[in-house]
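>>> Predicted model follows, preceded by the sequence.
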Amino acid sequence: MKYKVGDKVKLKSKEGLDEIERQLKGMALNPEAYDLAGAECAIYNIVDGGYIFDVSPWVWSENMIEGLVEEENPFDDNIPLPDSFCQRIAEEIANSDLFKKEPLDIPTMITDFVKEHGLPCPQGYIFKDENGNVINATKIVLEKKKKEYPKSYEECCKVLNIPVRDLDILDNMLDTTEIVYSKNLDRHLNSFRKLLICRDAYWKIAGEEMGLDGPWEIDPHKPCYFIAHLRTGGIIKKLCGCVNGNANFAFPTEEMRDAFKENFDPYIEFCKEFL
């Protein structure tokens, strides 16, 4: 069989059906064939070597079909959209009740269309924000908003609901070791402890975003994004399929990891040997 169930096909015209009748030498086609001549319909089933369409209960032979219907996709990336089409979309949105009564809510519109082509301002209209300020633009383009994460140690303390204080080396660390810690090493350890607090704040935010009962935790069987220090020097950002060993600064998404690296890069560089 040339066609399959679900295919949309076009039936032959009356002239084509006349030619089939001539080949039948005196046998006439079902009159309904002429009623549907040239029509486009979908194949509903295939029985006894013929086709049943969604618009007719009769079995149709293959020679009564002109061919497949090629459907055009107006949003095909390879087909440039005419200005008239963009203008019509903009006018329909501008004239809708939603536009007249409420601020323009772009995500409720044709999201992919707006992302790709922008929303053109129809002739005779202007764009305004929710406060009534005029937006001086010929079109509006929809872009994904970058998430905002805490950018300082103080902000991270607020996320964790803990007091902001200067961190000192724990007394028992000094009492139980024979190593003499320099002030420089003290500062490195303090920076690292602050960095861990900031990381905990990000893990708490991740847990809330993912609907977890608590902060996000590393799963050794799931991929994560982390920051590490190469012993040969330098800081790397990497995706790991599973976590083994030191992964103090792993995050569930690349976006969160990059934000942490950007916001706390001075801390990371200062105490990178502890990573």
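Here it is on my side, so go on.

>>> dump the residue contacts of the nearest residue to residue 48 once chain neighbours are set aside.
Using CB to CB, 6 or more residues apart in numbering and skipping the chain neighbours, the partner closest in space to residue 48 is residue 59 (6.2 Å). Glycine gets a C-beta too; all of them are placed from N, C-alpha and C. Residues near residue 59 by CB atoms under 8 Å, 6 or more residues apart in numbering: 47, 48, 50, 51, 52.

>>> Quick one, grab the pLDDT at residue 59.
We have a pLDDT of 82 for residue 59.

>>> Next one: it relative to residue 4, how far apart?
Relative to residue 4, residue 59 is positioned 16 Å away (criterion: CB to CB, to the nearest Å).

>>> in the longest helix anywhere in the chain, what's buried?
Assignment by DSSP state H gives helix 183-209 as the longest helix of the chain. Buried residues in helix 183-209, counted by 16 or more other CB atoms under 10 Å: 188-195, 197-207.

>>> who does it touch, helix- and strand-wise?
Packed against helix 183-209, as judged by 3 or more CB pairs under 8 Å, 6 or more residues apart in numbering; DSSP states H and E, are the following elements: helix 153-160, strand 250-251, helix 254-263, helix 265-270.

>>> Minimum distance to residue 27: which of those has it?
Set against residue 27 and scored by CB to CB, those come closest in helix 254-263, at 69.4 Å.

>>> hey, C-alpha coordinates of the strand or helix carrying residue 43 in PDB?
Element membership for residue 43 (DSSP states H and E) is strand 40-47. The C-alpha coordinates for strand 40-47 follow below in PDB (Å, rounded to 0.1, in the frame of the first residue of the first chain):
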ATOM      1  CA  GLU A  40      -8.500  16.700   1.200                       C
ATOM      2  CA  CYS A  41      -9.100  14.000   3.800                       C
ATOM      3  CA  ALA A  42      -7.200  11.800   6.200                       C
ATOM      4  CA  ILE A  43      -6.900   8.000   5.900                       C
ATOM      5  CA  TYR A  44      -8.800   6.500   8.800                       C
ATOM      6  CA  ASN A  45      -8.200   2.800   8.100                       C
ATOM      7  CA  ILE A  46      -6.900   0.300   5.500                       C
ATOM      8  CA  VAL A  47      -9.100  -2.700   4.600                       C
END
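
>>> If the residue nearest to residue 48 is in a bridge, with which residues?
Beta bridges link residue 59 to residue 52 when assigned by DSSP bridges.

>>> Thanks a lot, see you next time.
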